[in-house]
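Colleague: Prediction below, plus the sequence it came from.
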Amino acid sequence: MDSAFFHMDFLSTLFIFIIGCGALFILIVFIHDRFQSSNAVKRNYPVLAWFRPISEKLGEFFRRYISFGDREAQPFSRAIKEWVYEAAHGKKDTRGFGTKIDFTTRPYFFRNAVFPVNENEAEDPPVLTIGPYCKHPYKPPSFFNMSAMSYGALSAPAVEALSYGTELAGCWLNTGEGGLAPHHLKGNPDIVFEIGTAKYGVRDKDGNLDEGELREVAARPQIKMFELKLSQGAKPGRGGVLPANKVTKEIADIRNIPQGEDSISPNRHAEISNTGELLDFIDYLRETTGKPVGFKTALGDTNWIKELCEEIKARGEKRAPDFITIDGAEGGTGASPMMLMDNSAISIRETLPDVANIIKEYGLKDRIRLIASGKLVTAGDVAWAMMAGADYVVSARGFMFSIGCIMAMRCHTDRCPSGVATHDPDLQKALKPDDKKQKVANYVNRVREEVATIAHSCGVKHARSLNQSHIGGEIT
């Protein structure tokens with residue numbers, strides 16, 4: 001009897017000991033996750049975040065053997081996200097056994113040369129000038145740069161990480177339409193200031209352009225160009241939306257709007273209702289700032305570019321926009337109606353080659369620099385855009401992935417688990433700019449290196465020698 005009681009007592013003690021050890025282990029993991037510096041999701045969700053890689057591995061198993069393939073998820077497949085993550089961490093882009101691409105559905109391919117270029121024969125891409133008739137022309141050192149993302153849509157530490165990272169990479173940072181924030185200036189990158197339809201950062205209380213504010217922004221040496229936003233791919237014909245829960249006091253002060261209210265931009269600039277007025281407004285901005293000015297748009301019909309070129313020819317090349325950023329329907333955003341996301345605008349794969357050909361046909365290729373945007377995140381995407389006619393390629397979500405975005409699709413809720421697109425202080429403090437800045441630079445450098453590799457494979461010495469003859473199959 002005593003032996004049985006002893007046995008039961010031992011088992012209860014052992015059970016309590018095991019439970020205690022388990023609780024201690026969870027506490028240690030919690031403390032480790034909360035105070036470690038390399039993973040923002042673990043800092044925001046201690047212990048629970050460890051289930052994410054487990055579920056990803058299980059998901060990989062089910063996708064590979066039961067359900068979807070690695071390249072089937074949208075907006076970005078797991079394969080694309082992993083490529084960016086690996087690039088950001090400085091890992092080699094090496095795979096085994098063979099491609100997972102379905103060649104029966106591949107719309108195009110790169111025409112590799114029989115006799116490719118050796119590394120010792122390669123050259124650096126020439127540096128182009130944007131805005132040759134400006135008081136302060138700009139010569140961007142990189143053909144791959146960061147697209148427009150506003151402070152407001154992104155968190156403060158995310159913007160700081162991108163500021164430091166783009167400076168390290170030697171590429172430009174686009175402010176997005178939310179105005180210039182102190183966080184953009186934490187590093188010292190070249191900055192493209194985007195002027196949206198609400199004129200955030202250069203407006204008065206009534207939403208009109210404030211010339212004094214514009215001159216003050218333009219006087220900053222970091223500001224290299226101004227991009228006049230007409231529309232973007234994810235919401236063409238609709239102004240930007242920043243939900244009220246993201247309009248903090250700081251953001252309200254930067255944008256000169258009321259705090260805690262939805263920040264909704266008009267559908268178009270009040271000053272612009274036709275092509276002539278567009279060129280007039282660009283002239284005014286260029287004369288006022290002394291810096292290159294262009295515009296960004298998502299197109300529903302590329303024939304409008306012909307109308308634009310005709311107007312430029314009538315006025316003279318000096319009156320042309322210094323650059324045009326073409327955004328495809330694939331472009332992303334923090335908040336937009338699904339009906340616009342799914343059904344509006346032309347894909348970048350169709351519109352970019354058409355626009356490039358039209359600009360060349362009118363003899364304006366060297367006057368108007370063409371910038372491509374819209375779901376172009378890998379070196380293959382960038383190389384295609386250069387072949388299709390782009391002088392520069394910009395990416396937004398690729399840069400978001402590089403600082404830890406996990407594509408949670410919660411940008412508009414202010415509950416981004418990685419701290420990239422939230423103003424919740426408990427969530428955003430987990431994203432450490434000093435930890436992420438090198439990842440941004442790694443990503444940019446990897447893209448440029450692998451575009452060069454593709455160029456050499458196609459038999460040319462640098463990326464700017466790529467052209468539409470290097471695309472096989474359908475250009476679009």
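Modeller: Alright, I've got the coordinates. Numbering: from 1, shown residues only.

Colleague: How about residues contacting stretch 22-29?
Modeller: By CB atoms under 8 Å, 6 or more residues apart in numbering, the surrounding residues in contact with stretch 22-29 are 46, 47, 50. From N, CA and C alone the C-beta is placed, and that goes for glycine too.

Colleague: since we're on the closest residue to the first one other than its chain neighbours, how many residues are nearby?
Modeller: In this case it means residue 46. Sequence neighbours aside, residue 33 is the residue nearest to residue 46 in space, at 3.7 Å (criterion: CB to CB, 6 or more residues apart in numbering). Around residue 33 sit 20 other residues, with neighbours defined as other CB atoms under 10 Å.

Colleague: Now do the residue nearest to residue 283 when sequence neighbours are not counted, the pLDDT please.
Modeller: The shortest distance from residue 283 to any residue other than its chain neighbours is 6.2 Å, reached at residue 319 (CB to CB, 6+ apart). Per-residue confidence at residue 319 stands at 97 (pLDDT).

Colleague: just the one 10 residues further on next, same as before
Modeller: The predicted local confidence for residue 329 comes out at a pLDDT of 79.

Colleague: and what of the one 5 residues further on?
Modeller: Residue 334 carries a pLDDT score of 62 in this model.

Colleague: Same check on the one 5 residues further on?
Modeller: We have a pLDDT of 68 for residue 339.

Colleague: What of the one 4 residues further on?
Modeller: The predicted local confidence for residue 343 comes out at a pLDDT of 68.

Colleague: Point out where this structure drops to low pLDDT.
Modeller: For the chain, residues meeting the criterion pLDDT under 70 lie at 1-8, 10, 37, 56-74, 237, 334-337, 339-343, 474-476.

Colleague: Identify the residue spatially nearest to residue 469, adjacent ones excluded.
Modeller: Distances taken as CB to CB, 6+ apart place residue 111 nearest to residue 469, at 7.2 Å, with adjacent residues excluded.

Colleague: whoops, I mixed them up, residue 453
Modeller: According to CB to CB, 6+ apart, the nearest residue to residue 453 is residue 379 (7.6 Å).

Colleague: Can you give me every residue that contacts the one you found?
Modeller: Neighbour list for residue 379: 446, 447, 449, 450, 451, 453, 454 [criterion: CB under 8 Å, 6+ apart].

Colleague: ok, now with 6 Å
Modeller: In this structure, residue 379 makes contact with 447, 450, 451, judged by CB atoms under 6 Å, 6 or more residues apart in numbering.

Colleague: go on, residue 441?
Modeller: Taking CB under 6 Å, 6+ apart as the definition, contacts of residue 441 comprise 165, 168, 169.

Colleague: Of these, which is the nearest to residue 132?
Modeller: Of all the contacts of residue 441, the one sitting nearest residue 132 is residue 169; the distance, using CB to CB, is 25.4 Å.

Colleague: Hmm, residue 444 and the closest one touching each other?
Modeller: Yes. Using CB atoms under 6 Å, residue 169 is in contact with residue 444, at 3.7 Å.

Colleague: the domain parsing of the chain - what is it?
Modeller: 1-68, 144-473 (automatic domain parsing).

Colleague: All the strands of the protein, residue numbers only.
Modeller: Remark: strands assigned in the chain by DSSP state E are 108-110, 144-146, 173-174, 191-195, 223-229, 241-242, 263-264, 293-298, 323-327, 369-373, 392-395, 471-473.

Colleague: so can I have JSON lines of those strands showing mean neighbour count and distance to residue 464?
Modeller: Converted to JSON lines, those look like this (neighbours: other CB atoms under 10 Å; distance: least, CB to CB, whole Å):
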{"stretch": "strand 108-110", "mean neighbour count": "16", "distance to residue 464": "16"}
{"stretch": "strand 144-146", "mean neighbour count": "27", "distance to residue 464": "12"}
{"stretch": "strand 173-174", "mean neighbour count": "28", "distance to residue 464": "21"}
{"stretch": "strand 191-195", "mean neighbour count": "26", "distance to residue 464": "20"}
{"stretch": "strand 223-229", "mean neighbour count": "24", "distance to residue 464": "19"}
{"stretch": "strand 241-242", "mean neighbour count": "22", "distance to residue 464": "37"}
{"stretch": "strand 263-264", "mean neighbour count": "20", "distance to residue 464": "39"}
{"stretch": "strand 293-298", "mean neighbour count": "25", "distance to residue 464": "19"}
{"stretch": "strand 323-327", "mean neighbour count": "27", "distance to residue 464": "16"}
{"stretch": "strand 369-373", "mean neighbour count": "26", "distance to residue 464": "12"}
{"stretch": "strand 392-395", "mean neighbour count": "27", "distance to residue 464": "10"}
{"stretch": "strand 471-473", "mean neighbour count": "15", "distance to residue 464": "16"}
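
Colleague: need those strands in CSV with distance to residue 252, can you?
Modeller: Formatted as CSV, the entries for the strands of the chain read as follows, by distance: least, CB to CB, whole Å:
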stretch, distance to residue 252
strand 108-110, 46
strand 144-146, 25
strand 173-174, 22
strand 191-195, 18
strand 223-229, 20
strand 241-242, 10
strand 263-264, 8
strand 293-298, 25
strand 323-327, 27
strand 369-373, 28
strand 392-395, 28
strand 471-473, 47
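
Colleague: between those, which gets nearest to residue 425?
Modeller: With distances scored as CB to CB, the stretch of these nearest to residue 425 is strand 241-242 (17.8 Å).

Colleague: Neighbouring strands - and their directions - for the closest one?
Modeller: Each strand paired with strand 241-242, and its direction, by DSSP bridges: strand 263-264 (antiparallel).

Colleague: How about residues contacting stretch 75-91?
Modeller: 70, 71, 378, 398, 401, 402, 439, 442, 443, 446.

Colleague: Just name the closest of those residues to residue 95, please.
Modeller: residue 70 (11.1 Å).

Colleague: Residue 307: what's it in contact with?
Modeller: Neighbouring residues of residue 307 by CB under 6 Å, 6+ apart: residue 275.

Colleague: and with 10 Å instead?
Modeller: Contacts for residue 307 (CB atoms under 10 Å, 6 or more residues apart in numbering) come out as 274, 275, 301.

Colleague: Same check on residue 439?
Modeller: With contacts defined as CB under 10 Å, 6+ apart, residue 439 is in contact with 84-85, 87-90, 161, 165, 399, 401-404.

Colleague: hmm, 8 Å instead?
Modeller: Under the criterion of CB under 8 Å, 6+ apart, the contact partners of residue 439 comprise 88, 89, 165, 402, 403, 404.

Colleague: just the buried members of those?
Modeller: If you count burial by 16 or more other CB atoms under 10 Å, the buried members of the contacts of residue 439 come out as 88, 165, 402, 403, 404.

Colleague: taking these one by one, which sit in helices?
Modeller: If you go by DSSP state H, the buried ones among the contacts of residue 439 have 88, 165, 402 in helices.

Colleague: burial count for the nearest residue to residue 378 once chain neighbours are set aside?
Modeller: Counting by CB to CB, 6+ apart, the nearest residue to residue 378 once its immediate chain neighbours are dropped is residue 83, at 5.6 Å. Close neighbours of residue 83, defined as other CB under 10 Å, add up to 24.

Colleague: got it, and residue 133?
Modeller: Around residue 133 there are 13 other residues, counting by other CB under 10 Å.
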